[in-house]
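> sequence first, then the predicted structure, then my questions.
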Amino acid sequence: MSKTILITGAGSGLGKGTALGLAKNGHQVIATVENWPQVSQLKEDAKKAGVQLIIEKMEYTNENDQNTVLHKYGEQVDVFVANAAIGETGPAAEIPLERYRQVFEINVFRTLELSQKFAALFAKQGSGKIVVVSSTAGLRPYPFLAPYTASKHAIEAIFQLMQLELKPLGVQVAIINPGPYNTGFNDRMYDTVDQWFEPGKNFTPEKPLRDMQAMFADPNFQFPPQGMIDVMVDVIPQDTHNFRTVFPAEFGEDAKKYQEDLWDLTVTSELV
């Protein structure tokens with residue numbers, strides 16, 4: 001059954017691929033992007049793919065953008081997909097607080113703000129679905145990714161509760177947890193540390209940070225994005241599926257193991 005699906009962060013990466021894939025499967029897709037150059041590029045990509053997209057500029061912190069999109073399409077939407085996100089890297093004890101705040105503003109507060117607006121519309125009509133694209137980083141932390149990881153952990157808690165609270169009102173809530181994919185997002189996220197980190201001035205040793213940066217930049221560590229896109233295109237329109245979709249599946253098992261090991265984690269004065 002064809003559905004009307006609004007997806008944010010469709011200007012690049014998994015969001016773009018998912019928007020095009022959903023449209024190819026016959027759904028009416030409202031794809032929102034951050035800026036005008038992305039509008040132009042996505043129009044060109046949709047034309048090349050032979051699909052129809054409704055493309056709107058909706059920068060998360062721009063209230064006029066939000067209100068325009070909601071006014072034009074809000075009551076038509078069957079599924080709202082909150083996909084847009086940003087990230088920052090560096091040692092958790094040294095990342096400037098304004099960088100934490102910026103990540104939380106986009107990944108948590110603006111994501112929640114839009115989701116609340118769609119929740120109100122869906123509750124009024126007694127149907128609708130909110131899908132939040134989290135990350136495997138929302139299930140277990142990775143070194144030097146504190147702002148991004150913390151924001152995704154916050155999303156996990158908020159939308160787990162939203163699922164419990166909205167279910168009696170006929171509103172579905174689901175989470176998708178992608179692993180690391182070669183879309184450029186992870187590489188850009190790790191590059192942010194170079195804007196402020198100074199060896200010698202910052203007290204964190206540089207090598208572990210650079211080792212982690214190199215691991216994420218390694219094309220053998222990140223997966224081709226099409227596999228994740230295919231999963232999202234399949235799950236998002238479904239009426240019945242698991243609350244959580246982790247892909248690749250082994251990352252879910254790794255997260256379960258990490259969470260279990262936390263119960264036996266000890267604090268010691270010995271240096272590691």
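Okay, I see it. Numbering: from 1, shown residues only.
> just for the stretch 1-150 of the chain, where's the confidence low?
Applying pLDDT under 70 to the stretch 1-150 of the chain picks out no residues at all.
> would you map the helices across it?
Ranges of helices within the stretch 1-150 of the chain are 13-24, 36-49, 63-73, 97-104, 111-125, 146-166, based on DSSP state H, counting those that start in this stretch.
> what sits against Leu166?
Residues near Leu166 by CB atoms under 8 Å, 6 or more residues apart in numbering: 119, 122-123, 130, 172-173. Glycine gets a C-beta too; all of them are placed from N, C-alpha and C.
> pick the one among those closest to Thr4.
Distance to Thr4 across the contacts of Leu166 (CB to CB) is lowest for Phe122, with 12.4 Å.
> check contacts around Gly184.
Going by CB under 8 Å, 6+ apart, Gly184 touches 12-13.
> where's it relative to Gln222, distance?
Distance, Gly184 to Gln222, by CB to CB, to the nearest Å: 10 Å.
> and Pro37, by the same measure?
With CB to CB as the criterion, Pro37 and Gln222 are 25 Å apart.
> quick one: which of those two has more around it?
Between Pro37 and Gln222, Gln222 has the larger neighbour count (other CB atoms under 10 Å), namely 19 against 11.
> just give the nearest non-adjacent residue to the more buried one, would you?
Asn182 (3.9 Å; CB to CB, 6 or more residues apart in numbering).
> over to Lys129?
Spatially, and ignoring its direct neighbours in sequence, Lys129 is nearest to Gln172 (4.0 Å; CB to CB, 6+ apart).
> check that neighbour and give its pLDDT.
With respect to pLDDT, Gln172 scores 98.
> I'd guessed it sits against Ile130; true?
Yes - Gln172 is within contact range of Ile130, at 7.1 Å (criterion: CB atoms under 8 Å).
> so for these two, which residue has more residues nearby?
Neighbour totals were compared for Gln172 and Ile130, and Ile130 leads with 23 against 19 (other CB under 10 Å).
> for Gln76, see how far away that one is.
Distance from Ile130 to Gln76, counting by CB to CB: 15 Å.
> which residue ranges form the strands in the stretch 101-250 of the chain?
For the stretch 101-250 of the chain, applying DSSP state E, counting those that start in this stretch gives strands covering 129-133, 172-178, 244-247.
> sorry, back to before: quick one, phi/psi of the residue nearest to Gln222?
Backbone torsions for Asn182, taken as degrees, to the nearest 10, come to phi -80, psi 70.
> that one: what's it in contact with?
219, 222-225.
> just the buried subset of these, written out for PyMOL, thanks.
Selecting only the buried entries of those in PyMOL, with 16 or more other CB atoms under 10 Å as the criterion:
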select buried, resi 222+223+225
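> pick out the most distant pair among the contacts of Asn182.
Counting by CB to CB, the most remote pair of those is Pro219 and Pro225, 12.0 Å apart.
> list the buried ones in stretch 153-164?
Applying 16+ other CB under 10 Å to stretch 153-164 flags 153-156, 158-159, 162-163 as buried.
> mind putting the residues you listed into TSV with pLDDT and distance to Lys257?
Below are those laid out as TSV (pLDDT from 0 to 100; distance: CB to CB, whole Å):
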residue	pLDDT	distance to Lys257
His153	98	17
Ala154	98	22
Ile155	98	22
Glu156	98	17
Ile158	98	25
Phe159	98	23
Met162	98	27
Gln163	98	24
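> and of those residues, the nearest to Thr8?
Among those, and counting by CB to CB, the member closest to Thr8 is Ile155, at 13.4 Å.
> ok, and what's touching stretch 6-17?
18-19, 22, 29-35, 38-39, 41-42, 45, 55, 58, 60, 69, 73, 77, 79-85, 114, 133, 178, 181, 183-185, 225-226, 228-229, 232.
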